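Q: Here is a sequence together with a model predicted from it:
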Amino acid sequence: MVDDDPMSVQIVRTCIGNTPFLEASAACSSAIEATELLRTQAFDVLFLDVEMPLMSGLDLLRTLPDPPQVVLITSSQSYAVQAFEFAVADYLLKPLSYPRFLQAAQKVLETITSQRAALSEADQLPTGNTEFTFVKVDNKLVRVDFADVLYVEALGDYVHLVTSRSKLIVYSTMRAIEEKFPPQRFVRVHRSFIINLDYMQALEDNSLLIKDKYIPIGQTYLRGLLQRLNKL
């Protein structure tokens, strides 16, 4: 829980206490305090206020390369579009009601359960092959040759594997993609993008070009990307 209002924190804590599958692990009174906690500890879900001094909840999300499931809690509807851009699990308005909180919590639980099941299936597939992998698409396993993948884009609870011939929608996480795809060929350049270095055509300012797609580069990934490039 991250909120600068102690009363709001207590309300969320009470809602968590009434939800059997949730446990309150930590509470922070500012986004700055939460930054260090999220860097050193793993959490399944983050209940996050938007409007806080010095650093907003959305500012906090921009600093997290691989955030947990996020439920935004705010008194204003004006942040809904930005919440969608961050692919948050849900968006709750204050004053908070328990039925609406429970609905959001159940949505998070379903997503996490599905992600873990998908990762478990992936772990059972043969590993160590640097030429191809199999991904689950519409209840069937589809072969994907790494040489054909242009980039991977995170979209909500799914990833899009964009190849030279098609776009596959796969239920997975970016972390799982990083673990399964050969690191000598693929590099993460943004919280929402992993690229195939073989297809990178140009880099300018904070974006790069693959085919006709401009892909943003996150500041936390720029140095690592530059180190991978064979520059004159």
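A: Good, I have the coordinates.

Q: Helices of this protein, residue ranges please.
A: 6-17, 31-40, 57-62, 80-85, 98-123, 174-180, 219-228 (DSSP state H).

Q: Residue 132 - how many residues pack around it?
A: For residue 132, the tally of surrounding residues (other Cβ atoms under 10 Å) stands at 12. For the C-beta atoms, the positions are set from N, CA and C on the backbone; glycine is no exception.

Q: Could you verify my assumption that it touches residue 145?
A: Yes - checked against Cβ atoms under 8 Å, the pair residue 132 and residue 145 is within contact range at 4.7 Å.

Q: So for residue 45, what's the pLDDT?
A: The predicted local confidence for residue 45 comes out at a pLDDT of 95.

Q: residue contacts, it?
A: Residues near residue 45 by Cβ atoms under 8 Å, 6 or more residues apart in numbering: 22, 68, 69, 70, 71, 89, 105, 108, 112.

Q: Only the buried residues of the helix or strand of the chain with the lowest mean pLDDT, if you could.
A: One helix or strand of the chain scores below all others by mean pLDDT, DSSP states H and E: helix 80-85, with a mean of 77. Going by neighbour count (16 or more other Cβ atoms under 10 Å), the buried part of helix 80-85 is 82, 83.

Q: now stretch 192-207
A: Under the neighbour-count criterion of 16+ other Cβ under 10 Å, stretch 192-207 has 192, 193, 194, 195, 196, 197, 199, 200, 203 buried.

Q: now, among those, which is nearest to residue 136?
A: Out of those, the one with the shortest distance to residue 136 is residue 194. That distance is 18.0 Å, counting by Cβ to Cβ.

Q: how close does the closest one sit to residue 200?
A: Summarising the geometry, the distance separating residue 194 from residue 200, computed by Cβ to Cβ, to the nearest Å, is 12 Å.

Q: now swap in residue 168 and tell me
A: Separation of residue 168 from residue 200 (Cβ to Cβ): 20 Å.

Q: next one: residue 39
A: 29 Å.

Q: Quick one: residues contacting the closest residue in space to residue 77 that isn't next to it in sequence.
A: Closest residue in space to residue 77, ignoring its immediate chain neighbours: residue 93 at 6.7 Å, by Cβ to Cβ, 6 or more residues apart in numbering. When the contact criterion is Cβ under 8 Å, 6+ apart, the partners of residue 93 are 73, 74, 75, 76, 77.

Q: how about the helices of the chain, which one is nearest residue 187?
A: Ranking these by their distance to residue 187 (criterion: Cβ to Cβ) puts helix 219-228 first, at 5.4 Å.

Q: same question for that closest one, mean pLDDT?
A: Model confidence over helix 219-228, given as mean pLDDT, is 85.

Q: Just the CA atoms of it, as PDB, please.
A: Below are the C-alpha coordinates for helix 219-228, written out as PDB (Å, rounded to 0.1, in the frame of the first residue of the first chain):
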ATOM      1  CA  GLN A 219      16.300   5.500 -19.500                       C
ATOM      2  CA  THR A 220      17.100   2.600 -17.200                       C
ATOM      3  CA  TYR A 221      17.800   0.400 -20.300                       C
ATOM      4  CA  LEU A 222      19.700   2.800 -22.500                       C
ATOM      5  CA  ARG A 223      23.200   2.200 -21.100                       C
ATOM      6  CA  GLY A 224      22.800  -1.600 -21.400                       C
ATOM      7  CA  LEU A 225      21.700  -1.200 -25.000                       C
ATOM      8  CA  LEU A 226      24.600   1.000 -25.900                       C
ATOM      9  CA  GLN A 227      27.000  -1.500 -24.400                       C
ATOM     10  CA  ARG A 228      25.600  -4.300 -26.700                       C
END
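
Q: Done for today, thanks.
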